[in-house]
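Asker: Sequence and predicted structure, then a few things I'm wondering about:
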Amino acid sequence: MQNPNMQNPNLSAQQRLNLAMQLMHKGQFEQALSHFLILKDVGIKDFRLSRAMGSAYERLRNNSEAKRYFSESLLLNPKQPDLYYALGKIAYFSKAFEQAVNYFKQCLSFDNKNPQVWLKLGQTYFHMDELQLAEQAFINCEKLQANSLEAKLGRSRILQKRNEHKKAEELLIAIDKIEPNNLRVLSELGWLQKDQGNYPQAAELFKKRLTIEPTNPEYYEDLALVYLDLQQPVNAMDTLKQGIQRAPDNRKLNQLFSALKYEMNEDDHLSHYRQQAFEKMSDELIADYIVGLVKIDEVAKAKQLVNELFVHADKKGVAKNLQLMLWEKEQKHDDIVGYFRDKISSKAVLSISENEKLVKAYLAIGENQKGLKLLEHMLQLAPNDQLFWALKTTALRQLQSFEYEYLCDYQNMVFQQPIILPNQYKNIEQFSQALRVALNEIHVSQRNPLDQSLRHGTQTMGNLFSQQVPIIQQLRGALKNTIDSLLVGLKPDQAHPFYQHAGKAIEFSANWSVKLSNQGFHVSHVHPKGWLSSAFYVHVPSVIDETSKQGWLHFGKPGIGLPDPLAEQKWVKPQIGQLVLFPSYFWHGTEAFEDSQERMSVAFDLLPIKSTK
């Protein structure tokens with residue numbers, strides 16, 4: 001029922017303002033705004049009115065309008081330091097960090113004794129990688145508020161970015177003594193230990209968090225991932241099972257549990273989804289369950305469930321998305337294009353993932369110009385997405401464009417070199433044999449991951465280079481030396497997705513080992529989140545030789561459906577001790593081989609390091 005005072009013309013301006021402020025104090029911000037807008041419409045121009053309106057919009061999480069009215073209030077009265085702080089926070093949460101810095105500095109020009117402003121300024125500088133300025137701001141905060149946990153945590157993160165892990169740990173331990181059992185501090189300590197490869201210590205800290213807050217699903221996920229780093233998949237599965245009992249609707253726990261059960265060769269890795277009634281499951285869990293069925297080729301069962309979803313009005317949204325996934329599986333590309341054409345004609349804006357589906361469908365039916373036009377838009381939104389670049393190269397190749405050769409110069413952009421051997425070893429055979437023994441100990445899974453490119457083999461869990469095993473750390477150092485020698489002299493080209501980062505310092509991101517068994521191979525794929533990808537060969541079975549392409553690495557064959565398949569354009573024979581590097585957007589895969597011995601490799605992605613100041 002509408003408030004009778006809302007449209008009461010007999011209320012004076014002061015009475016309406018008083019009423020609006022009473023509503024603000026009661027938390028009735030929309031009703032208060034209605035009165036503020038009436039006052040605005042009758043021509044009242046006062047900094048206090050604009051300020052109140054900005055506050056109402058801020059409480060309603062309408063940051064654009066809050067910013068508008070706070071700025072208007074400051075034009076009428078610039079001596080309002082708290083409004084500069086409010087505008088700084090709005091800019092900070094919008095990731096407009098330079099604006100945020102300016103607002104916080106303006107606030108401090110009125111009052112440089114406010115610890116909260118120094119804290120927020122430090123956090124902003126941290127996100128800008130201005131580490132020295134961030135550190136000074138955190139120190140200023142602590143001078144004014146000695147017990148500021150956020151400022152101390154900020155300083156610890158700066159130390160970690162500078163690779164001063166021991167100092168960061170000492171600072172966090174000191175905080176823990178002041179605030180024992182603080183979950184934020186335990187989390188920071190746990191992740192610090194995990195990032196350094198100190199997995200037993202990380203596990204103990206994450207277990208301690210669970211004793212304090214046993215209902216937090218993220219804590220179960222973190223502990224399970226540490227158990228995987230420790231090569232303890234049974235403990236990881238037990239932890240995930242406990243987490244799902246506490247939070248049955250948590251998507252990440254269910255996803256990780258099913259993936260791990262599959263790799264450990266359990267008969268029914270989707271059984272935990274069926275423990276809930278299908279009609280009562282969340283849309284996310286329904287989608288994951290049906291996608292899981294499709295991945296193991298139970299398409300008929302998946303179709304049946306999708307048809308059931310269409311019957312329920314509240315499930316039609318998830319049913320349509322799953323229908324698209326089934327069409328992709330069945331290569332019904334015209335249906336996909338038609339679906340999105342209708343959606344676009346209704347003025348709907350497609351998401352990034354929907355645009356990706358549409359592009360693949362365009363390329364599959366030979367509509368390469370349409371696919372290329374859409375890809376240009378997608379690359380503006382996500383310029384470093386290597387899958388989008390791979391799709392672009394596929395469109396260009398089908399169009400026989402000269403730009404394809406510019407992007408996919410396999411002769412000059414696939415780098416090969418024997419690894420620079422660590423000093424401790426006499427020859428590559430000795431090093432590779434010792435490495436093979438160490439890697440076999442951490443290949444604990446029993447089946448290939450469902451969501452990866454390998455078939456008939458296993459992949460190590462977690463980040464390989466975080467393993468504090470001497471020979472793995474020696475491998476990491478040897479690879480870094482070899483990479484530096486391979487990439488020296490590359491000339492930057494800002495228009496090129498690979499060469500634009502030439503000459504920059506680089507770091508390892510994801511890294512793992514693959515062991516392919518008899519009939520093993522990799523389907524053609526790309527690495528969407530990389531920049532430079534790799535293969536280093538630890539062991540190669542004798543069947544891999546010059547007489548056939550068994551077990552060879554190939555480039556150029558797209559891993560998506562096309563009207564006419566495109567063949568491989570470059571082949572590389574694996575050799576023990578050889579490192580191969582290539583842009584992450586290159587389509588690459590391997591040929592299957594027949595041999596009783598395994599084909600073992602180490603792979604990793606590299607990314608340019610963001611500069612820190």
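Answerer: Sure, I can see it. Numbers count the residues shown, from 1 in each chain.
Asker: What is the neighbour count of Asn208?
Answerer: Asn isn't right for residue 208; it's Lys. Lys208: 15 surrounding residues under other C-beta atoms under 10 Å. For the C-beta atoms, the positions are set from N, CA and C on the backbone; glycine is no exception.
Asker: Tell me the predicted confidence for Lys613.
Answerer: If you check Lys613, the pLDDT there is 57.
Asker: for Leu553, what are its contacts?
Answerer: 535, 571-574, 580, 588-590 (C-beta atoms under 8 Å, 6 or more residues apart in numbering).
Asker: ok, now with 6 Å
Answerer: 572, 590 (C-beta atoms under 6 Å, 6 or more residues apart in numbering).
Asker: what bridges to it?
Answerer: Val572, Thr590 (DSSP bridges).
Asker: Look up phi and psi at Trp512.
Answerer: With angles defined as degrees, to the nearest 10, Trp512 sits at phi -160, psi 170.
Asker: residues contacting it?
Answerer: 459-460, 464, 603.
Asker: Most neighbours of all those residues, which one?
Answerer: Leu464 (23 neighbours).
Asker: just checking, what packs against the helix or strand harbouring Phe104?
Answerer: Per DSSP states H and E: Phe104 is located in helix 97-110. In terms of contacts (3 or more C-beta pairs under 6 Å, 6 or more residues apart in numbering; DSSP states H and E), helix 97-110 is packed against helix 81-93, helix 115-127.
Asker: Check which residues of stretch 37-53 are buried.
Answerer: By 16 or more other C-beta atoms under 10 Å, the buried positions in stretch 37-53 come out as 38-40, 47, 49-53.
Asker: I'd like the distance between Ala236 and Val185.
Answerer: 25 Å (C-beta to C-beta, to the nearest Å).
Asker: related to what we said a few turns ago, and the furthest pair within the buried residues of stretch 37-53?
Answerer: Ile38 and Phe47 (18.1 Å; C-beta to C-beta).
Asker: Between helix 81-93 and the helix holding Phe104, find me the angle.
Answerer: Between helix 97-110 and helix 81-93, the angle comes out at 160 degrees (axes from the mean of the first three to the mean of the last three C-alpha atoms, to 10 degrees).
Asker: Using CSV, list the CA coordinates for helix 97-110.
Answerer: Extracted in CSV, the C-alpha atoms of helix 97-110 (Å, rounded to 0.1, in the frame of the first residue of the first chain):
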residue,chain,number,x,y,z
PHE,A,97,41.9,2.1,-9.5
GLU,A,98,43.4,5.4,-10.7
GLN,A,99,40.2,7.2,-10.0
ALA,A,100,40.0,5.6,-6.6
VAL,A,101,43.6,6.8,-5.8
ASN,A,102,42.6,10.4,-6.7
TYR,A,103,39.5,10.3,-4.5
PHE,A,104,41.3,8.8,-1.5
LYS,A,105,44.1,11.4,-1.9
GLN,A,106,41.5,14.2,-1.9
CYS,A,107,40.0,12.8,1.2
LEU,A,108,43.4,12.6,2.9
SER,A,109,44.1,16.3,2.0
PHE,A,110,41.3,17.2,4.4
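Asker: any idea of the mean pLDDT for that helix?
Answerer: Helix 97-110 comes out at a mean pLDDT of 97.
Asker: how about the nearest residue to Leu270 once chain neighbours are set aside, secondary structure?
Answerer: Excluding its sequence neighbours, the residue lying closest to Leu270 (C-beta to C-beta, 6 or more residues apart in numbering) is Gly292, at 5.0 Å. The three-state assignment at Gly292 reads helix, by DSSP: H, G, I helix; E, B strand; the rest coil.
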